[in-house]
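Colleague: Provided below are the primary sequence and the corresponding predicted coordinates.
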Amino acid sequence: QVQLVESGGGLVQAGDSLRLSCVASGRTFSSQAMGWVRQAPGKEREFVAAIWWSGSTTYYADSVKGRFTISKNNAKNTVYLQMNSLKPEDTAVYYCTLGSTVVAIRALNGYWGQGTQVTVSS
């Protein structure tokens, strides 16, 4: 089993920053990438960012490129999402995800955490 526990969500104003964290535990050895996806009310879940577990290459959705940064701490089995210049349209439940590849994560295939709410007021 894989467990993913997110933290760091909250209510902020437009232009503010937040950092999300996700700790992975359990049978993670077969997974090669971690990432974040989000789901806004009434919308489908969408890819946000991903990073290879063993490297530094990162991937972003166009909507967050230049504002969000994904990073990881392998020693702590933790992945982060630094979100700057937040916009009301970033409001969503953010889910940490662990997948076999970045392609899998972008296709929304993988393990999921319980999600953390991010609300950006205008």
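Modeller: Alright, I've got the coordinates. Numbering: from 1, shown residues only.
Colleague: Hmm, Y94 is touching L81, no?
Modeller: Yes: in this structure, Y94 is within contact of L81 by Cβ atoms under 8 Å, at 7.1 Å. From N, CA and C alone the C-beta is placed, and that goes for glycine too.
Colleague: shared neighbours of these two, anything?
Modeller: Residues touching both Y94 and L81 by Cβ atoms under 8 Å, 6 or more residues apart in numbering: L20, W36, V48.
Colleague: neighbour count winner among Y94 and L81?
Modeller: L81 (26 against 23; other Cβ atoms under 10 Å).
Colleague: S85 and L18 touch, don't they?
Modeller: No: using Cβ under 8 Å, S85 is not in contact with L18, being 10.9 Å away.
Colleague: out of the shared contacts of Y94 and L81, who's nearest D90?
Modeller: Of all those, V48 has the smallest distance to D90: 9.3 Å, by Cβ to Cβ.
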